[in-house]
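In: build the 3D model from these lines:
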Amino acid sequence: MTYDDVTHLSAKIKPKQQKVELEMAIDTLNPNYCRSKGEQIALNVDGTCTDETNTYSSKLMDKQTFCSSQAASNVSRYAAAVYRKGELHLTPLHGILQLRPSFTYLDKADAKHREREAANEGGDSSQDEAEDDVKQITVRFSRPETEQARQRRVQSYEFLQKRQAEEHWVHLHYYGLKDSRSEHERQYLFSQAHGLAENTELIKSPSEYLMMLMPPSVEEENDKPVAPSNVLSMAQLRTLPLADQIKILMKNVKVMPFANLMSLLGSGTDSTAVLRCIQQVAMLVQGNWVVKSDVLYPKDTSSPHSGVPAEVLCRGRDFVMWKFTQGRWVVRKEVAAVTKLCPEDVKDFLEHMSVARINKGWEFMLPYDEDFVKKHPDIVQRQHMLWMGIQAKLEKVYNLLKEHLTPKKQETQSGHPLVVSGEQRVNMAKARVKQNYGQLEKEFQKQKAELKSNDASAKMDISNIRIKEEPVSDEEPMDTLAYEGMNNGVVNGLHAEEDSMDTLNGHLPGGCGDRVAQELKAFVSSTFKKQFVLTLSELKRLFNLHLASLPPGHTLFSGISDKMLQDMVLDTGCKQILVPFPPQTAASPDELKVYALWEAGDTYDQHRQVLLEIFSKNYRVRRNVIQNQLSQECGEDVNKQEVDRVLKDCCVSYGGMWYLKGTVQS
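Out: Residues are numbered from 1 along each chain as shown. Take a look at the predicted model:
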């Protein structure tokens, strides 16, 4: 038996004090698995009895435990490196663990053996001798445990072992190397910065390098007056690199419009460099920049109120920020109910970026910055893609309901606060009518003058040209175009009610349609060559991740609708598989649309086509059915390796059944 035979479908992880245990299920149906040996090991460990304390409940060694150990004591000088497109991306490491097989089950088998030997030795004595062997029993009453005794008991080895044994196992799901979720996590290994503007260590002047090599002596530093650690003058701030300046400002201010940030950085600062830096420490919310949660709550820190770790705090604060991308108002009780954090932590989140209003809730503290959204559509689009990724994570962590995901109607219609009375709306409608009337009259006079000056057009019937006269009375239907133009429902640069790719502008600028089609076709082709089978929902998620990795100004930012994406999928040689989903399915419409690569150009095309035909008639299939169908269609010489290859390309196994990728509903 080798580790290649281990299946990861039932993997579990158990956190301990500076230690991790990983339990993985062994594929007992694998031909390389020795069943007799597995039964013997289970018998030695658990014996013949059956109870809840058994290590192997199936009477077969069907799992293996791995225990971690520190691979290195000091990992500060190690980093994970990824090389892509001529760039070397480094990620610092905070810990390295090495997993080794744990053989605690052998200790349990030895204990069982010793118990059996002791029982056999005790059975040699006669019953009479046992009855004559009477022992005196002394009864004692325990005294109250002191605090020192309790601390010694808690720190003892037996107590720690018992506590570790009582820890609950946490079930995990294993995703392969080419899985879309694995690719999403690998995106965090790549820096989002472009160019060397962010790398402050590589753009220092010779004098700054000399200062780093020969820092001032301790005596000189002690002579300087010591200022509070949280106080930094603007003169001192401007001596720092640009990235550090922006980080310090955003960490202290927390919410700031881009124009205010530029004014604080001083004249002559390059706005492009500022935009690159600000995206590393802040997120765009309603056209304004809000500091990221991991900047306020660094790793290995905890809440001063409840002691909750920084990772949980960051998730809760990201939920509050995401709610403000959906509308102007957030209710404190709703945040507390979803995040399950203490009221003090939730109040801190809200005070960072909003103001409390009596009987209304918490309102975002800054007005919607429409100027920034109009000037920087690429930044807005990129931030929108990042927010979609954060939303997907929040949905998975908090199990968000539809009422949490769908903003209220009155909130989606107000991108930024604007109070307009009924009288003002009527006046704006009247002004709009008068303006339209004046423009039409000017156009008519212009056309009339041209007709008189041109003899060839003198025969034209001027009576066909009519002026659209609209009433200006108080009883006229109110034209709210002016009001709608002022309050167009834009939230964070995009319409809030638009939650799919159809909502992006589907009209491509002239001259770039071919380039967009080529880029989109390249993405679809490369994606299906890796995945073979994708639902529309998963394809859209991968496309959003692809957009987030593109540089600003890329042609794909011109807008790709769902229809364009589906048409391109069909144009690249893929087909839609009409999977007969069960009637009680809770899948969304995008999850019900399944596409598969019909011809990949390899030797397994026929096998995959037969497999896809099977799933067009059945929602889930057993392996023996697939094996028999492949043997009938592709010949009797279909071996196990070919079947495994086709199943790995297109299917996943769950509960002993096989499903097309993306269609499993647990």
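In: only C-alpha atoms for contact and neighbour calcs from this point on.
Out: OK.
In: list the contacts for the most centrally placed residue in the chain?
Out: In the chain, the centroid-proximal residue (Cα atoms, centre = their mean) is Lys393; its distance is 3.8 Å. Neighbour list for Lys393: empty [criterion: Cα atoms under 8 Å, 6 or more residues apart in numbering].
In: what does Lys178 give?
Out: Lys530, Gln531.
In: name the SS class of it, please.
Out: coil (DSSP: H, G, I helix; E, B strand; the rest coil).
In: give me the phi and psi for it.
Out: Main-chain torsions, Lys178, degrees, to the nearest 10: phi -100, psi 10.
In: got the buried residues for stretch 568-585?
Out: Met568, Val569, Leu570, Thr572, Cys574, Lys575, Gln576, Ile577, Leu578, Val579, Phe581 (16 or more other Cα atoms under 10 Å).
In: how close does Lys37 sit to Asn44?
Out: Per Cα to Cα, to the nearest Å, Lys37 is found 11 Å from Asn44.
In: the two - which one has more neighbours?
Out: Legend: neighbour count by other Cα atoms under 10 Å for Lys37 and Asn44, higher for Asn44 (17 against 12).
In: hang on, isn't the more buried one packed against Ala109?
Out: Yes - assessed by Cα atoms under 8 Å, Asn44 is found in contact with Ala109 at 5.3 Å.
In: and Glu117, how many neighbours?
Out: If we define neighbours as other Cα under 10 Å, then Glu117 has 12 of them.
In: helix or strand: which one has it?
Out: In the assignment (DSSP states H and E), Glu117 maps to helix 104-122.
In: same question for that helix, mean pLDDT?
Out: The pLDDT scores in helix 104-122 average 71.
In: list the buried ones in it?
Out: Buried residues in helix 104-122 (16+ other Cα under 10 Å): Tyr105, Ala109, Lys112.
In: now find how far off-centre it is within its chain.
Out: 50 Å (Cα atoms, centre = their mean, to the nearest Å).
In: and the strand or helix carrying Thr527, what's its mean pLDDT?
Out: In this structure, Thr527 sits in helix 513-531 according to DSSP H and E. Mean pLDDT, computed over helix 513-531, is 86.
In: I'd like to check what contacts whichever helix or strand comes after that helix. Which residues are they?
Out: The C-terminal neighbour of helix 513-531 among helices and strands, as given by DSSP H and E, is strand 533-535. Strand 533-535 is contacted from outside by 528, 590-597, 649-650, 660-663, using Cα under 8 Å, 6+ apart.
In: tell me the SS of Tyr83?
Out: Here Tyr83 is strand, with the state taken from three-state DSSP.
In: quick one: the closest residue to it other than its chain neighbours and Thr28, what's the gap?
Out: Leaving aside its chain neighbours, Tyr83 sits nearest to His89 (6.3 Å; criterion: Cα to Cα, 6 or more residues apart in numbering). From His89 over to Thr28 the distance is 41 Å, taken as Cα to Cα.
In: rewinding a little: from the contacts of strand 533-535, which single one is nearest Lys434?
Out: The closest of these to Lys434 turns out to be Asp590 (Cα to Cα; 46.8 Å).
In: wait, what's in contact with the closest one?
Out: Asp590 touches Thr535, Leu536, Ser537, counting by Cα under 8 Å, 6+ apart.
In: one more: Val82?
Out: Taking Cα under 8 Å, 6+ apart as the test, what Val82 contacts is Leu88, His89, Leu90, Leu189, Phe190.
In: check which helix or strand Ala429 maps to.
Out: Using DSSP H and E, Ala429 falls in helix 422-453.
In: for Phe319, see how far away the residue nearest to Tyr78 when sequence neighbours are not counted is.
Out: In space, and not counting its chain neighbours, Tyr78 is closest to Leu93: 6.0 Å by Cα to Cα, 6+ apart. According to Cα to Cα, Leu93 stands 27 Å off from Phe319.
In: tell me which of the two has more neighbours.
Out: Neighbour count, other Cα under 10 Å: between Leu93 and Phe319, Phe319 has more, with 22 against 12.
In: correct me, but the more buried one touches Leu394?
Out: Yes - look at Phe319 against Leu394 with Cα under 8 Å: they come within range, at 6.9 Å.
In: and the pLDDT at Gln151?
Out: So, for Gln151, pLDDT stands at 73.
In: so which helix or strand takes in it?
Out: helix 147-154.
In: now the strands for the stretch 151-300 of the chain?
Out: For the stretch 151-300 of the chain, the strands defined by DSSP state E, counting those that start in this stretch occupy 170-171, 255-256, 282-285, 288-291.
In: in terms of mean pLDDT, which of those strands ranks lowest?
Out: Among these, strand 170-171 scores lowest, with a mean of 76.
In: neighbouring strands for that one, and are they parallel or not?
Out: The strands that strand 170-171 pairs with in its sheet are strand 6-16 (antiparallel) (by DSSP bridges).
In: next structured bit after the partner strand?
Out: Downstream of strand 6-16, the next assigned helix or strand under DSSP H and E is strand 19-26.
In: can you give the distance of that next one from its chain's centre?
Out: With Cα atoms, centre = their mean as the basis, the mean position of strand 19-26 lies at 25 Å from the chain mean.
In: so what strands line up beside that strand?
Out: strand 6-16 (antiparallel), strand 63-70 (antiparallel).
In: following element in sequence after it, please.
Out: Following strand 19-26 in sequence, per DSSP H and E, is helix 35-46.
In: who are the packing partners of that following helix?
Out: helix 104-122 (3 or more Cα pairs under 8 Å, 6 or more residues apart in numbering; DSSP states H and E).
In: got the CA coordinates for the helix it packs on in CSV?
Out: Taking Å, rounded to 0.1, in the frame of the first residue of the first chain, the C-alpha atoms of helix 104-122 are listed here in CSV:
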residue,chain,number,x,y,z
THR,A,104,-0.7,5.5,17.9
TYR,A,105,-2.9,2.6,16.8
LEU,A,106,0.1,0.3,17.4
ASP,A,107,0.3,1.5,21.0
LYS,A,108,-3.4,0.7,21.4
ALA,A,109,-2.7,-2.8,20.0
ASP,A,110,0.1,-3.3,22.5
ALA,A,111,-2.2,-2.2,25.4
LYS,A,112,-4.8,-4.7,24.3
HIS,A,113,-2.2,-7.4,24.2
ARG,A,114,-1.0,-6.6,27.7
GLU,A,115,-4.6,-6.6,29.0
ARG,A,116,-5.2,-10.1,27.5
GLU,A,117,-2.0,-11.4,29.1
ALA,A,118,-2.9,-10.0,32.5
ALA,A,119,-6.4,-11.6,32.2
ASN,A,120,-4.9,-15.0,31.3
GLU,A,121,-2.5,-14.9,34.3
GLY,A,122,-5.2,-13.9,36.7
